[in-house]
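Engineer: Next input, structure requested:
(2 chains)
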Amino acid sequence: DAGITQSPRHKVTETGTPVTLRCHQTENHRYMYWYRQDPGHGLRLIHYSYGVKDTDKGEVSDGYSVSRSKTEDFLLTLESATSSQTSVYFCAISERGNGYTFGSGTRLTVV
Amino acid sequence: QQQVKQSPQSLIVQKGGISIINCAYENTAFDYFPWYQQFPGKGPALLIAIRPDVSEKKEGRFTISFNKSAKQFSLHIMDSQPGDSATYFCAASKGNQAGTALIFGKGTTLSVSS
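Structural biologist: Alright, predicted model coming up:
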């Protein structure tokens, strides 16, 4: 989507390896979010950020960490990937906490 | 604890029919209720949203009905078209407060048959 880019789009990694997903925005929005989408579970919040270096945990944060050193980038790190983290990961941005704009997603497979 | 419950999980509607998806929430502090539409391989996109000060909002063929006392809201798609076939998510949040985020329902897969 315009203004928000996720990379990589697809990744296959081995169990136990660290993985970092990147979300980049050009909208200068304050709020950024990481969700994972799994069949039967919908979208579940992993972590979110309400400003540079201001982050907080979501519903399914175990095994994940985030960093936001500048407004435009929000990184999601899987410290030691497990098969249960195979999922589609979506980043979203918003200016006022509502009306999210989602990226196109990263499909991650942990083998 | 699921804060936003969405039903049905899947829905098949004839072309020209009305599609109805329902959501119920638990937290009375929620004050923003959007619906998102997602096509395969794409991210969700905001479709329509409502705040609890109104009972209904209409945008084209899409209408949100909101019942504050019952803590329920629903999406109605009038004159459903094959192009409406997608997954729909309801969501809720406590507005602009820092430290809040949208909580989503589990989604409804809509198929509109021609």
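Engineer: The closest residue to chain A within chain B in helix, strand or coil?
Structural biologist: Ranked by C-beta to the nearest C-beta, the top residue of chain B for proximity to chain A is B:Gly43, at 3.3 Å. C-beta: built from backbone N, CA, C; applies to glycine. Here B:Gly43 is coil, with the state taken from DSSP: H, G, I helix; E, B strand; the rest coil.
Engineer: residues contacting it?
Structural biologist: A:Asp1, A:Phe90, A:Ala92, A:Phe102, A:Gly103, A:Ser104, A:Gly105 (C-beta atoms under 8 Å, 6 or more residues apart in numbering or on different chains).
Engineer: after the top strand by length along chain A, next one along is what?
Structural biologist: In chain A, assigned by DSSP state E, the strand with the most residues is strand A:42-51. Using DSSP states H and E, the helix or strand that follows strand A:42-51 in sequence is strand A:54-57.
Engineer: Any part of that next one near chain B?
Structural biologist: Yes: applying C-beta under 8 Å from any C-beta of the partner chain, one finds strand A:54-57 touching chain B at A:Asp56.
Engineer: That strand pairs with which strands, and in what direction?
Structural biologist: Strands that pair with strand A:54-57, judged by DSSP bridges, come out as strand A:42-51 (antiparallel).
Engineer: Model confidence for B:Gly99, exactly?
Structural biologist: Note for B:Gly99: predicted pLDDT of 56.
Engineer: try the one 10 residues further on
Structural biologist: Turning to B:Thr109, the model gives it a pLDDT of 97.
Engineer: Once you drop chain neighbours, what's closest to it?
Structural biologist: B:Ser10 (4.6 Å; C-beta to C-beta, 6 or more residues apart in numbering or on different chains).
Engineer: For the residue of chain B closest to chain A, which non-adjacent residue is spatially closest?
Structural biologist: A:Phe102 (3.3 Å).
Engineer: On the strand side of things, show who the one you found bridges to.
Structural biologist: What pairs with A:Phe102, by the bridge criterion (DSSP bridges), is A:Ala92.
Engineer: beta partners of B:Gln14?
Structural biologist: Bridge pairing for B:Gln14 - DSSP bridges - gives B:Ser113.
Engineer: contacting residues around it?
Structural biologist: Shown in contact with B:Gln14 (C-beta under 8 Å, 6+ apart): B:Ser80, B:Val112, B:Ser113.
Engineer: Do I have it right that the last one meets B:Gly16?
Structural biologist: Just to be clear, that refers to B:Ser113. No: counting by C-beta atoms under 8 Å, B:Ser113 stays clear of B:Gly16, with 10.3 Å between them.
Engineer: pLDDT at the spatially most central residue of chain A, what is it?
Structural biologist: What sits nearest the mean C-alpha location of chain A, by C-alpha atoms, centre = their mean, is A:Trp34, with 3.2 Å. pLDDT for A:Trp34: 97.
Engineer: Could you report the neighbour count for B:Val112?
Structural biologist: A count of neighbours around B:Val112, defined by other C-beta atoms under 10 Å in any protein chain shown, yields 20.
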